[in-house]
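J.: fold the following.
(one chain, ligands or ions: 1)
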Amino acid sequence: MTMRIGQGYDIHRMEEGRPCVLGGIRIEHTHGPAGHSDADVLLHAITDALLGAAALGDIGEHFPDTDPEFKGADSRELLKIVAGRVRDAGWGIVNIDASVLAEAPKLKPYKAAMRQSIASCLGISASNVNVKGKTNEGMDAVGERKAIVVHCVALLQRTSS
Ligand code: MG
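T.: Sure thing, here's the model as predicted:
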């Protein structure tokens, strides 16, 4: 088997006054994702998609949220570590495709920077990273601006046996 696909999902509550960091990019907004680390919900979903594709478990196993070492952690650093573990397991990263479900903020002005930021964490070209923005049409916690959800898929290719 030379190709593997992985799926990642994450949700964070939105909290007033928290920094809004998505895909490693600081976004101007009144609210930001709450969490133990920098709460970068997009990078967390990507991290889980990569771990899933490589059958290496999940983000919580690699970086327990009970560990004070990861309090306020920069999720870019966690993603880089996981990309290294995926490569060490004999996999190259082919592409990433993520859907960010958020009523606000609007992602369009930040998408190009997010793709570049994600690509540089993974050591791949930004042309292999896609970020899509969706609203939830006003429905449920996402529609009420109480949460941001991200779904992501990652494709890996065998580099060694
Ligand atoms: Mg998370």
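
J.: show me what contacts whichever residue of the chain sits closest to the ion?
T.: Proximity of the chain to the ion (C-beta to the ion) peaks at His44, 3.5 Å away. In short, each C-beta sits where N, CA and C put it, glycine included. By C-beta atoms under 8 Å, 6 or more residues apart in numbering, the residues touching His44 are Gly8, Asp10, His12, Ile59, Ser75, Val150.

J.: and the strand or helix carrying the last one, what's buried?
T.: With the criterion set as DSSP states H and E, the secondary-structure element containing Val150 is strand 147-158. Within strand 147-158, the residues that qualify as buried are Ala147, Ile148, Val149, Val150, His151, Cys152, Val153, Ala154, Leu155, Leu156, counting by 16 or more other C-beta atoms under 10 Å.

J.: give the rounded mean pLDDT of stretch 9-24.
T.: Averaging pLDDT along stretch 9-24 yields 97.

J.: list of residues touching that stretch?
T.: Outside stretch 9-24, the residues that touch it by C-beta under 8 Å, 6+ apart are 26-35, 38-45, 48, 75-76, 100, 105, 107, 110, 113-115, 117-118, 121, 131, 145-152.

J.: again, but for stretch 53-65
T.: By C-beta under 8 Å, 6+ apart, the list of residues contacting stretch 53-65 reads 4-6, 35-37, 44, 47-48, 51-52, 70, 73, 78, 81-82, 85-86, 89, 91, 154-156.

J.: restricted to strands, list the contacts of His44.
T.: Among those, DSSP state E puts Gly8, Asp10, His12, Val150 in strands.

J.: filter those down to the ones close to the ion.
T.: The subset of the ones in strands among the contacts of His44 within reach of the ion, by C-beta under 5 Å from the ion, is Asp10.

J.: who wins for most neighbours among the ones in strands among the contacts of His44?
T.: Top of those by neighbour number is Val150, holding 27 neighbours under the definition other C-beta atoms under 10 Å.

J.: where does the protein have low pLDDT?
T.: 1, 161 (pLDDT under 70).
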